[in-house]
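A.B. asks: For reference, the sequence and a predicted model appear below.
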Amino acid sequence: MQILSTEALGNALTALPDNPRIVISGNAAIPHDAIPVIDRALERYIIHALNASAGAAPVREGVTAETCFVGSGMRKHPGLAYVPARLSLVPQLFKGPLPPDAVVIHCAPARDGQLSLGIECNILPAAIEACRARSGRIIAVINDQMPYTYGDAQVPVNQVDLAIEVSTALPEVPPAVPDDSSNRIGELVAARVPNGATLQAGIGAIPDATIAQLRNHTGLRIWTETFSDGVLALERLGAMDASNPLTTSFMMGTRDLYDWLDGNPRVRMMRTERTNDPALIALQRSMTSINTALEIDLFGQANASRINARIYSGFGGQTDFIVGALHSPGGQAFMAMRSWHPKANVSTIVPLVDEPVTSFQQSAVVTENGVAELWGYTQQAQARHLIRDAAHPDVREELWEEARELGLA
């Protein structure tokens, strides 16, 4: 590993092939110190990141913002190239249609000859392997403020070609402040979660509210794509199974979470193709998946990806975890969502989704109005439960009329 100045790194980048594909750390680990260096050095390039925040992909001609999960930093990018893929399958793309010419990792300083990917393991181990297999460049942004994590996050120093050293605070994502609806949904989901269950939950007001409602549970386990400060709170309260590691692929949270992570063997970082493998998910004890959607229809089909046909996010890991959870003994897959979308001022339960379907066949849909049981019921009963138990009262009459038109009532 050769440590360079940013100027020398820029010179080295010019040796990449024309319009190279550069995979970078995503989510809260975007290597922002390297982005301007890349942009100055290369006239044309493809930058690939999951859930990229602002600044990850400069907006100008010649820059392609490529991703399998669209974040706020790419959502309106004129050069957006969205590649649909379940998150568990993204690593396979690097071996085939999306070969990387360089990988830029944002990592913690080395300990015992190994760097650490810190809060973002995810697709990076697979990207590194695919890039090295074709003699591409592995570049590290070594940040002394990145927590050191273990498992698949560890990268031998000799696998890195070039590096720059920085000291940059990580973006913090404080827990969302739940409103009354979020708290009610959290209560309803938590009441269905048994002691000893294994949890997967995303980040946001409803997942945060659900995690908070589990504070009186015992023996809980974590097998998830990501977790935040809510899981740390459960750990401190003694709600977690101390004999089982907290398994995740990336994290976003506050400095308190990052400080707790640093050098903590309690947390096992794992590459995406393992955390999101439905077969491995199915092996977890009472696997409980908690996801959300933009809308769900009377057939139980969920759209969590698109608004007016325009990509908003992507499949993510929703399909991976729903399938895995339903194959786990005692497993459950919840779709937790408000019954009314406050910004769009529309019902989130609709007669029939007119966008591409993200997922379907959940155990139940949970809104602030109640729990609509889906699994094991006829399509007519599913529709009845959705209208009666989960839909907003203002649209129930209309939904009944639509259900009759669809042959569901």
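C.D. replies: Yep, that arrived.
A.B. asks: residues contacting R75?
C.D. replies: I311, Y312 (Cβ atoms under 8 Å, 6 or more residues apart in numbering). Backbone N, C-alpha and C define where each C-beta goes, glycine included.
A.B. asks: Got phi/psi on it?
C.D. replies: phi -60, psi -40 (degrees, to the nearest 10).
A.B. asks: Assign I38 to helix, strand or coil.
C.D. replies: helix (DSSP: H, G, I helix; E, B strand; the rest coil).
A.B. asks: So it is in contact with T14, correct?
C.D. replies: No: if you go by Cβ atoms under 8 Å, I38 and T14 don't touch, sitting 10.7 Å apart.
A.B. asks: Quick check on these two: which one has the bigger neighbour count.
C.D. replies: I38 (23 against 9; other Cβ atoms under 10 Å).
A.B. asks: confidence score at the more buried one?
C.D. replies: Looking at I38, its pLDDT is 98.
A.B. asks: all strands for the stretch 101-250 of the chain, in order.
C.D. replies: 102-111, 114-116, 137-143, 150-151, 154-156, 162-166, 198-201, 221-222, 226-227, 246-248, 250-251 (DSSP state E, counting those that start in this stretch).
A.B. asks: so of these, which one's packed in deepest?
C.D. replies: Of all the strands of the stretch 101-250 of the chain, strand 250-251 has the most neighbours on average by mean count of other Cβ atoms under 10 Å, namely a mean of 29.
A.B. asks: after that strand comes which helix or strand?
C.D. replies: Counting by DSSP states H and E, the next helix or strand C-terminal to strand 250-251 is helix 255-261.
A.B. asks: That following helix packs against which elements?
C.D. replies: Packing partners of helix 255-261 (3 or more Cβ pairs under 8 Å, 6 or more residues apart in numbering; DSSP states H and E): helix 229-237.
A.B. asks: And the contacts of the helix it packs on?
C.D. replies: Counting by Cβ under 8 Å, 6+ apart, 174-175, 201, 207-208, 211-212, 214-215, 217, 220, 222, 240, 246, 253-254, 256-257, 260, 266 sit against helix 229-237.
A.B. asks: Below-threshold pLDDT in the protein: ranges please.
C.D. replies: Counting by pLDDT under 70, the chain shows no low-confidence range.
A.B. asks: can I see the domain layout of it?
C.D. replies: 2-166, 180-405 (automatic domain parsing).
A.B. asks: In this structure, mark out all the helices, start to finish.
C.D. replies: 6-13, 35-41, 90-95, 124-133, 180-190, 205-212, 229-237, 255-261, 272-275, 278-282, 318-327, 379-385, 396-405 (DSSP state H).
A.B. asks: Now do the first one against strand 162-166, angle only.
C.D. replies: Taking axes from the mean of the first three to the mean of the last three Cα atoms, to 10 degrees, one finds that helix 6-13 is oriented at 160 degrees with respect to strand 162-166.
A.B. asks: when you give positions from now on, start the count at 292
C.D. replies: Okay, residue one is now 292; in that scheme the one you just asked about reads as helix 297-304.
A.B. asks: How far does helix 297-304 sit from its chain's centre?
C.D. replies: 32 Å (Cα atoms, centre = their mean, to the nearest Å).
A.B. asks: Can you give the contact residues for it?
C.D. replies: 295, 324-325, 328-329, 331-333, 393, 428, 430, 453, 455.
A.B. asks: how much does it deviate in direction from strand 428-434?
C.D. replies: Using the same axes, to 10 degrees: helix 297-304 against strand 428-434 is 160 degrees.
A.B. asks: buried set for helix 297-304?
C.D. replies: Across helix 297-304, burial judged by 16 or more other Cβ atoms under 10 Å covers L300, G301, A303, L304.
A.B. asks: what sits against the residue lying closest to E478 once chain neighbours are set aside?
C.D. replies: Counting by Cβ to Cβ, 6 or more residues apart in numbering, E478 lies nearest to Q504, which is 5.4 Å off, once chain neighbours are set aside. Taking Cβ under 8 Å, 6+ apart, we find Q504 in contact with N474, G477, E478, V480, A481.
A.B. asks: Got the phi and psi for Q504?
C.D. replies: phi -80, psi -10.
A.B. asks: ok, now the one 5 residues further on?
C.D. replies: Reported as degrees, to the nearest 10, the phi and psi values for T509 are phi -140, psi 160.
A.B. asks: Contact partners for it?
C.D. replies: T509 touches N486, G487, G529, A530, counting by Cβ under 8 Å, 6+ apart.
A.B. asks: try L699
C.D. replies: Per Cβ under 8 Å, 6+ apart, neighbours of L699: L589, F590, Q670, Q671, A674, R675.
A.B. asks: With Q652 as the reference, measure out to the closest residue to it other than its chain neighbours.
C.D. replies: With Cβ to Cβ, 6+ apart as the criterion, L699 has its nearest non-adjacent residue at 3.9 Å, and that residue is A674. Going from A674 to Q652 by Cβ to Cβ, to the nearest Å gives 14 Å.
A.B. asks: Then S472?
C.D. replies: Taken as Cβ to Cβ, the span from S472 to Q652 is 25 Å.
A.B. asks: One more: S596?
C.D. replies: 17 Å.
A.B. asks: still on that earlier bit, including neighbour count and distance to G698, could the contacts of Q504 go into JSON lines?
C.D. replies: Below are the contacts of Q504 laid out as JSON lines (neighbours: other Cβ atoms under 10 Å; distance: Cβ to Cβ, whole Å):
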{"residue": "N474", "neighbour count": "17", "distance to G698": "37"}
{"residue": "G477", "neighbour count": "25", "distance to G698": "35"}
{"residue": "E478", "neighbour count": "15", "distance to G698": "34"}
{"residue": "V480", "neighbour count": "26", "distance to G698": "31"}
{"residue": "A481", "neighbour count": "18", "distance to G698": "35"}
